[in-house]
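Asker: pasting the sequence and the predicted coordinates here, then a few questions.
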Amino acid sequence: MAMKRAVNTVIPKPWQYFLRLALVGVTYWVAARLSLNLALVHGQVTPLWPPTGIALVAILVLGRGVAPGIALAAFAVNLPLGPSALGAAFIAVGNTLAPLVSAELLARAGFRPELDRMRDAAALILLGALVGMMVSATVGSLVLVLSGTVPATNLAATWAVWWTGDAMGVLLVAPFLLNLLPHRVAPPLGWRGAAEVAIVAAGIGLVTYILFQNRYRLEYLVLPLIMAAAWRYRLRGAAPAALVASIVAIWSAVNGNGPFAHETLLEKMVTLQAFNVSLSLASFLLASFVDAREKNEQMSRLYQSASLAIAAKTDAINVAAQELGAPLAVLTSYLALLADGKLGPAPARWTAVLNVMADKAWHVNRIMSDLLDAARIEAHPLKSKRSPVDLREVVLSAVERARPRAELNGADIAATLDSEPVEVEADARQLGRILDNLIHNGLTYAARPPRLRVSVTTGAARAVVHVTDNGVGMSESERARIFRPFHRGKDPAFGSVPGSGLGLYVSRQLAEANEGKLTLERTEVGLGTSFALDLPLARPEAVKSN
């Protein structure tokens with residue numbers, strides 16, 4: 001999941017908060033003291049500063065609230081080394097602001113700590129390391145120069161060393177720590193896998209040491225080994241291998257071994273910067289690429305499996321519909337003959353029974369149609385046979401189809417229409433399905449005798465059908481879900497109402513197939529609901545040709 005701007009908004013208990021501060025502060029201080037053994041400028045500016053990676057990961061995982069722990073630890077580290085207490089305080093502020101800025105930039109870029117996308121790796125390199133760490137380098141270098149600790153002529157070199165050290169701390173330490181978090185989607189390595197990774201990292205460290213003991217500039221031969229570790233073990237193998245190789249390179253620079261024997265400070269920093277950036281690109285950037293490719297392949301396989309399952313389900317529903325369609329049509333026809341009296345006058349006491357049977361047959365037919373349409377929607381987009389049609393006729397037909405149910409429920413249903421034709425370019429059968437579903441809901445979800453009003457308004461090359469009822473209405477939470485497939489209301493009073501929960505979902509899809517929109521216009525609990533079906537008016541030339 002992409003990170004939100006608020007990196008961590010959960011408020012911990014006081015003891016948990018102070019425990020976090022202490023843990024982050026102690027870890028920062030210990031890493032800083034160890035890193036100072038590799039200092040190149042004034043005993044406190046190193047080409048690799050792991051505390052920046054630790055601070056950034058702490059902010060990403062635990063939130064900005066750990067910043068005081070970072071600031072106190074940074075002050076404790078710099079106080080015995082800085083030009084003064086005030087100078088150490090300013091340096092600590094810069095060391096704290098840099099990871100805060102990096103975390104904010106990453107949050108704005110939608111960074112995910114899993115590092116399973118190429119964009120996350122690129123964001124960590126560009127925003128987290130190269131851009132964010134300019135803050136600490138600028139503040140720290142200015143403090144050393146203004147205090148007279150470092151000559152002004154060495155400002156650029158000091159800034160370069162400081163920025164490189166902080167940036168490398170992010171590039172090499174942050175991926176290593178993020179890889180240890182439990183949110184990693186990859187399966188655990190186990191003891192055997194962990195041993196393999198440790199052996200690979202140690203081997204790469206030994207090879208790096210050997211390559212830096214000569215002046216033939218062969219150090220980049222270690223990159224294929226880093227890439228192989230990234231390909232084989234992903235970030236879990238690449239991150240520790242790259243970190244070990246970088247530490248060996250920095251140790252060689254501090255001791256002036258191999259290619260660093262006759263280089264100036266600035267030349268050493270350029271060499272280290274190029275080597276460490278190459279390590280980063282060859283390690284976690286490649287690992288992110290492999291993760292992303294593997295995820296795409298997995299998604300492709302899942303998509304193919306889902307497509308086959310949807311096709312099989314659609315075929316099964318089609319077969320069931322064909323088998324049920326014929327008997328249902330015969331049953332409906334005979335019920336209509338009995339109700340109309342075409343087979344002779346039916347006894348008066350049969351009327352209520354015939355109405356109930358016709359209503360249930362209509363329910364079965366409606367559920368079957370919804371299932372068929374839902375299956376077809378999943379398989380491929382709905383198609384409509386659009387032609388100019390008088391919207392008034394579609395509305396009147398839907399109202400007439402609903403009259404038997406309305407009389408059975410004691411409902412009052414009426415249509416308000418203009419005297420002039422309202423020609424729309426749509427599929428009349430599909431529009432009828434939409435109106436049937438809307439009217440059915442209005443007749444069903446009512447706590448008092450239902451009252452439905454269907455009206456048509458026109459304007460701006462559009463026609464809108466409004467279906468308004470006096471039903472139970474919907475709550476705020478229900479409104480956001482009414483057009484989802486298989487969603488049904490949670491009101492226990494209507495728990496026994498038959499239906500598939502597909503009516504409004506299918507209706508919206510049918511509306512879109514006719515270049516229209518079906519929206520919830522108004523609803524209020526206890527007062528009723530109004531839906532609006534917005535459709536394009538037919539072009540004049542299409543109406544004439546029709």
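Answerer: Structure's in. What do you need?
Asker: so what's the residue count around residue 208?
Answerer: Neighbour count for residue 208, taken as other CB atoms under 10 Å: 26. C-beta coordinates here come from the backbone N, C-alpha and C atoms, glycine included.
Asker: which ones are touching it?
Answerer: With CB atoms under 8 Å, 6 or more residues apart in numbering as the criterion, the residues that contact residue 208 are 219, 222, 244, 245, 248, 249.
Asker: where in the stretch 351-500 of the chain is pLDDT low?
Answerer: 359, 362-363, 366-383, 486-500 (pLDDT under 70).
Asker: for the contacts of residue 208, which one is nearest residue 351?
Answerer: Of all the contacts of residue 208, residue 351 sits closest to residue 244, with 88.8 Å by CB to CB.
Asker: so what does that closest one look like in phi/psi?
Answerer: Residue 244 adopts backbone torsions of phi -60, psi -50, taken as degrees, to the nearest 10.
Asker: okay, it: pLDDT?
Answerer: The model reports residue 244 with a pLDDT of 84.
Asker: ok, it - how many residues close by?
Answerer: Around residue 244 there are 24 residues (other CB under 10 Å).
Asker: low-confidence ranges, the stretch 151-300 of the chain, go.
Answerer: For the stretch 151-300 of the chain, the ranges with pLDDT under 70 are 182-190, 265-266, 284-285, 292.
Asker: quickly find the element holding residue 239.
Answerer: helix 235-255 (DSSP states H and E).
Asker: what is that helix packed up against?
Answerer: Applying 3 or more CB pairs under 8 Å, 6 or more residues apart in numbering; DSSP states H and E, we find helix 235-255 packed against helix 174-180, helix 190-211, helix 223-233, helix 265-280, helix 286-340.
Asker: farthest-apart pair in the contacts of residue 208, please.
Answerer: Across those (CB to CB), the longest gap, 13.7 Å, separates 219 and 244.
Asker: circling back to that earlier point, export the contacts of residue 208 to a markdown table and tack on distance to residue 101?
Answerer: What follows is those, written out as a markdown table (distance: CB to CB, whole Å):
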| residue | distance to residue 101 |
| --- | --- |
| 219 | 32 |
| 222 | 32 |
| 244 | 29 |
| 245 | 28 |
| 248 | 30 |
| 249 | 27 |
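Asker: circling back: specify the angle between the helix holding residue 239 and helix 265-280 in degrees.
Answerer: 170 degrees (axes from the mean of the first three to the mean of the last three CA atoms, to 10 degrees).
Asker: work out the gap between helix 235-255 and the centre of the chain.
Answerer: Counting by CA atoms, centre = their mean, to the nearest Å, helix 235-255 is centred 34 Å from the centre of its parent chain.
Asker: stretch 273-289 too?
Answerer: Centre-to-centre, stretch 273-289 and its host chain are 27 Å apart (CA atoms, centre = their mean).
Asker: what's the span of it, first residue to last?
Answerer: 23 Å (CA to CA, to the nearest Å).
Asker: show me what counts as buried in that stretch.
Answerer: Buried residues in stretch 273-289, counted by 16 or more other CB atoms under 10 Å: 273, 275-288.
Asker: now the strands for the stretch 351-500 of the chain?
Answerer: 387-390, 412-416, 423-426, 451-459, 462-468 (DSSP state E, counting those that start in this stretch).
Asker: pick the most deeply packed of those strands.
Answerer: Comparing the strands of the stretch 351-500 of the chain by mean neighbour count (mean count of other CB atoms under 10 Å), strand 423-426 ranks first with a mean of 24.
Asker: so how far is it off the chain centroid?
Answerer: For strand 423-426, the distance to the chain centre is 38 Å (CA atoms, centre = their mean).
Asker: got a list of contacts for that strand?
Answerer: 384, 386-391, 431, 463, 514-516, 535-539, 542-543.
Asker: drop anything exposed from these.
Answerer: 384, 386, 388-391, 431, 463, 514, 516, 535, 537-538, 543.
Asker: looking at the residues you listed, which one is closest to residue 146?
Answerer: Nearest to residue 146 out of the buried ones among the contacts of strand 423-426 is residue 516 (CB to CB; 69.2 Å).
Asker: now the closest residue to residue 247 other than its chain neighbours: how far from residue 536?
Answerer: In space, and not counting its chain neighbours, residue 247 is closest to residue 48: 7.0 Å by CB to CB, 6 or more residues apart in numbering. According to CB to CB, to the nearest Å, residue 48 stands 65 Å off from residue 536.
Asker: try residue 522
Answerer: 23 Å.
Asker: do the same with residue 413
Answerer: 27 Å.
Asker: my read is that residue 447 contacts residue 471, right?
Answerer: Yes - using CB atoms under 8 Å, residue 447 is in contact with residue 471, at 7.3 Å.
Asker: those two - which one has more neighbours?
Answerer: The neighbour count for residue 447 versus residue 471, taken as other CB under 10 Å, is higher for residue 471 (23 against 13).
Asker: is it true that the more buried one touches residue 449?
Answerer: No - contact criterion CB under 8 Å: residue 471 and residue 449 do not qualify, at 10.9 Å.
Asker: show me what counts as buried in the helix or strand containing residue 143.
Answerer: Using DSSP H and E, residue 143 maps to helix 134-146. Neighbour counts over helix 134-146 (16+ other CB under 10 Å) mark 134, 135, 136, 137, 138, 139, 140, 141, 142, 143, 144, 145 as buried.
Asker: helices or strands up against the helix or strand following that helix?
Answerer: Counting by DSSP H and E, the next helix or strand C-terminal to helix 134-146 is helix 155-168. Where contact means 3+ CB pairs under 8 Å, 6+ apart, helix 155-168 is packed against helix 50-62, helix 134-146, helix 265-280.
Asker: just the residues contacting the longest one, thanks.
Answerer: By that I understand helix 265-280. 40-41, 47-48, 125, 156-157, 160-161, 164, 168, 171-172, 175, 219-220, 223, 226, 242, 245-246, 249-250, 253, 259-260, 263.
Asker: go ahead and build a ChimeraX selection from the buried members of these.
Answerer: Per 16+ other CB under 10 Å, the buried members of the contacts of helix 265-280 correspond to this ChimeraX selection:
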select :40,41,47,48,125,157,160,161,164,168,171,172,175,219,223,226,242,245,246,249,250,253,259,260
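Asker: wait, which of the buried residues of stretch 273-289 is closest to residue 23?
Answerer: residue 284 (24.6 Å).
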